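Enquirer: what's the 3D shape of this:
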Amino acid sequence: MNETQEQKQPHPTNNIPTSGPSHQEETSKDHVMAELAKAVNAVACAIQKSHAHWIENLANVVWEMEGYDDDDLEMVYDELCRDKGKARGFTYKLPSMRKS
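Expert: As a prediction, the model looks like this:
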């Protein structure tokens, strides 16, 4: 080749595999990440519920009791609020054990 002739550069081929993941791999990873995020969220919610203030737990347990007059439930709630230890113990009892 002489200097006046243009030197042709070879063109890159399109047959070279790309280093990035395929669309299917990305979709699968996205699905896995979404499921993992749901699981982490569920654990976080469970932790928050378990750390609820004892008064909140007591209120939930007392007001869910069936077969009692509202005035009686309020009296029990007020009595248990005066003693944190009794209140917390009451919330951990089985529902059948809460009846007097």
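
Enquirer: so residue 66, which of the three states?
Expert: Classification of residue 66 into helix, strand or coil gives coil, according to DSSP: H, G, I helix; E, B strand; the rest coil.

Enquirer: So it versus residue 72, what's the distance?
Expert: 12 Å (Cβ to Cβ, to the nearest Å). (Glycine included, C-beta is placed from N, CA and C.)

Enquirer: So for these two, which sits in the more crowded spot?
Expert: Between residue 66 and residue 72, residue 72 has the larger neighbour count (other Cβ atoms under 10 Å), namely 12 against 6.

Enquirer: Who are the contact partners of residue 54?
Expert: With contacts taken as Cβ atoms under 8 Å, 6 or more residues apart in numbering, residue 54 has the following neighbours: 84, 87-88, 91.

Enquirer: From those, list the buried ones, please.
Expert: 87, 91 (16 or more other Cβ atoms under 10 Å).
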